[in-house]
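S.K.: Fold the following.
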Amino acid sequence: MKPEFEIVVVGGGLVGSLLTHSLSRAGFKVALIEKEDLQKRTVHTGRAFALSLASCNYLKALGFADALEQYGNLIEGVIVTEGEAGKGSREGILEFMPSEIGEESFGCMIQEANLLEAVGERLKKEKTVRIFSKTTVENAVFDDGSLIVNLSKGKSIPTELLAICDGSQTSLGSRLGYSHIKKNYRQGAITCTVRHEKSNEGLAYQFFMPTGPIAFLPLSNHSVCIVWTNTQKEVNRLDQLDDDQFLEELRPAFGTFLGGISLEGPRGSWSLELSMARKMVGVRYALLGDAVRKIHPLAGQGLNLGLRDAAAFLEIVESAKHRGEDIGFTTVLERYQRWRMFDSVSFAAATDFFNWAYTSSIPGNHLARQLGTGIISRITPLKGYLIREAAGLSGDIPELMRNR
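M.R.: Numbers count the residues shown, from 1 in each chain. Below you'll find the model as predicted:
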């Protein structure tokens, strides 16, 4: 007898919730397990995401075009330099414009709270989804060809496939036999929303400084979400400051290129590490999103990679079901791993390298960086590849993420 739920999704963040919605749309019966109360969860309103063009395509394909239109703000260019914000040398500046690949934008910025609310409202209406809030997975055991997922509230759910989307701190690894390679960056990041006097014209700015990058991501013409990377010790110190004191510390890093600034909303912070799963699949389970990898935020691609996992996973299991295959068979899940593993490892390695390159004090490193940016700006095919990568349009793209 087939289990009541073909797929159990663990983790109700954006990747898990959107995966659940997409699976339901494709005709799967899905259980979503989330440790928080999805009806009352508190979302840090200062956090926002830079959705790539491919991720925007994915959300539109799932029926969230209205949410992007209402809450999203287009990213119309990216400017990268090093040094103090707004005062980087012209030789070190890289300008990436979507028009160089025939697009109008790189994607859009959207507040986490707004996107989670839109997805949550849609999940409430799904007839083939059952949500288990304030619930954790105690363990998962194999029985007669299926996986039995035992929950904290005493309920057991047989399923064909477990999709693990509960982040890099997942506790299921020791129970199912997977692990992660980790590296502590000894850095932290602070995020908040800043209002500014001059228009940002839809441009995102990334300034690399000796202690780490600071990014300005346009939420509107006169507000940005900042992601300020610094040493962990300095982030801990900044966390202790009140808003006025923090603003005084931020001004020298922010610079004056956007005029006067003020804080808007709360601040948040987190520690940075590199985490990479040694494998993405096992017997009747697969990892997605931050459960696969946790990378440095300097490229702003963490969520985009997770959504790409979700879109690829859907494509694989939907195709397998149509062919009459058992969706939890290792041969099916290995197709997903082959598709997504190289992308995961290459992004993790690239962000790790760039973080090292811009924070290292090795003699000659500054000159090498200047030479590198000069080469990129002058070699059109190379620059075009990087632009397509930033837009999420390079490589083997899942069907739902392609331009329509």
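S.K.: Just list the residues touching residue 16, thanks.
M.R.: Contact analysis of residue 16 by C-beta atoms under 8 Å, 6 or more residues apart in numbering lists 9-10, 32, 34, 163, 165-166, 288-289. All C-beta atoms are positioned from the backbone trio N, CA, C, and that covers glycine.
S.K.: That one is in what secondary structure piece?
M.R.: Under the criterion of DSSP states H and E, residue 16 resides in helix 14-25.
S.K.: can you give me how far that helix is from the chain middle?
M.R.: 15 Å (C-alpha atoms, centre = their mean, to the nearest Å).
S.K.: Next secondary structure after that helix?
M.R.: By DSSP H and E, the next helix or strand past helix 14-25 is strand 30-33.
S.K.: Who are the packing partners of that next one?
M.R.: Based on contacts counted as 3 or more C-beta pairs under 8 Å, 6 or more residues apart in numbering; DSSP states H and E, the elements that strand 30-33 packs against are strand 5-10, helix 14-25, strand 129-132.
S.K.: mind checking which of these is nearest residue 216?
M.R.: helix 14-25 (22.2 Å; C-beta to C-beta).
S.K.: what angle sits between the helix holding residue 16 and strand 5-10?
M.R.: Orientation note: helix 14-25 sits at an angle of 170 degrees relative to strand 5-10 (axes from the mean of the first three to the mean of the last three C-alpha atoms, to 10 degrees).
S.K.: Could you look up the SS state of the residue nearest to residue 296 when sequence neighbours are not counted?
M.R.: Of all residues beyond its chain neighbours, the one nearest residue 296 is residue 351 (4.2 Å), with distances taken as C-beta to C-beta, 6 or more residues apart in numbering. With DSSP: H, G, I helix; E, B strand; the rest coil as the basis, the three-state label of residue 351 is helix.
S.K.: With residue 204 instead?
M.R.: strand.
S.K.: just checking, it touches residue 75?
M.R.: Yes. With contacts defined as C-beta atoms under 8 Å, residue 204 counts as touching residue 75 at a distance of 5.3 Å.
S.K.: Mind listing the shared neighbours of those two?
M.R.: 50, 106, 109, 217-218.
S.K.: got a winner among these for most neighbours?
M.R.: Of all the shared contacts of residue 204 and residue 75, the highest neighbour tally under other C-beta atoms under 10 Å goes to residue 106, namely 28 neighbours.
S.K.: can you tell me which residues contact it?
M.R.: 50, 52-53, 75-78, 96, 98, 204, 387, 390-391.
S.K.: what's the closest non-adjacent residue to it?
M.R.: Nearest non-adjacent residue to residue 106 (C-beta to C-beta, 6+ apart): residue 75, at 4.4 Å.
S.K.: Please work out how many residues are found near the one you found.
M.R.: 25.
S.K.: Would you mind measuring from it to residue 390?
M.R.: 9 Å (C-beta to C-beta, to the nearest Å).
S.K.: Next: residue 143.
M.R.: Residue 143 is 46 Å from residue 390, by C-beta to C-beta.
S.K.: Mind checking which of the two has more residues around it?
M.R.: Ranked by neighbour count (other C-beta under 10 Å), residue 143 and residue 390 place residue 390 first, with 24 against 9.
S.K.: wouldn't the more buried one be in contact with residue 52 here?
M.R.: Yes. Applying C-beta under 8 Å as the test, residue 390 and residue 52 come out as touching, 7.0 Å apart.
S.K.: one step back: can I assume the residue nearest to residue 296 is in contact with residue 300?
M.R.: No. If you go by C-beta under 8 Å, residue 351 and residue 300 don't touch, sitting 9.9 Å apart.
S.K.: Okay, helices next: where are they in the stretch 301-404 of the chain?
M.R.: Counting by DSSP state H, counting those that start in this stretch, one finds helices in the stretch 301-404 of the chain at the ranges 302-322, 330-359, 365-378, 380-390.
S.K.: What residues of stretch 151-164 count as buried?
M.R.: Counting neighbours by 16 or more other C-beta atoms under 10 Å, one finds that the buried residues in stretch 151-164 are 151, 157-164.
S.K.: Give me the residues contacting it.
M.R.: Outside stretch 151-164, the residues that reach it (C-beta under 8 Å, 6+ apart) are 2-11, 16, 19, 31, 33, 132, 135-138, 140, 143, 146-150, 170, 172, 284-288, 291, 313, 317, 326-328, 333.
S.K.: quick revisit: could the contacts of residue 106 go into JSON lines alongside pLDDT and distance to residue 234?
M.R.: Formatted as JSON lines, the contacts of residue 106 follow (pLDDT from 0 to 100; distance: C-beta to C-beta, whole Å):
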{"residue": "50", "pLDDT": "95", "distance to residue 234": "24"}
{"residue": "52", "pLDDT": "95", "distance to residue 234": "30"}
{"residue": "53", "pLDDT": "95", "distance to residue 234": "34"}
{"residue": "75", "pLDDT": "96", "distance to residue 234": "28"}
{"residue": "76", "pLDDT": "95", "distance to residue 234": "32"}
{"residue": "77", "pLDDT": "94", "distance to residue 234": "30"}
{"residue": "78", "pLDDT": "91", "distance to residue 234": "26"}
{"residue": "96", "pLDDT": "87", "distance to residue 234": "29"}
{"residue": "98", "pLDDT": "91", "distance to residue 234": "34"}
{"residue": "204", "pLDDT": "94", "distance to residue 234": "23"}
{"residue": "387", "pLDDT": "76", "distance to residue 234": "33"}
{"residue": "390", "pLDDT": "77", "distance to residue 234": "28"}
{"residue": "391", "pLDDT": "82", "distance to residue 234": "33"}
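S.K.: give me the number of residues near the residue nearest to residue 296?
M.R.: 20.
S.K.: what's the answer for residue 121, then?
M.R.: Neighbours around residue 121, by other C-beta under 10 Å: 10.
S.K.: hmm, who's touching the helix or strand encompassing it?
M.R.: Per DSSP H and E, residue 121 falls inside helix 112-124. The contact list for helix 112-124, computed with C-beta under 8 Å, 6+ apart, reads 13-14, 17-18, 20-21, 32, 38, 43-45, 47-49, 63-64, 67, 70-71, 129, 131.
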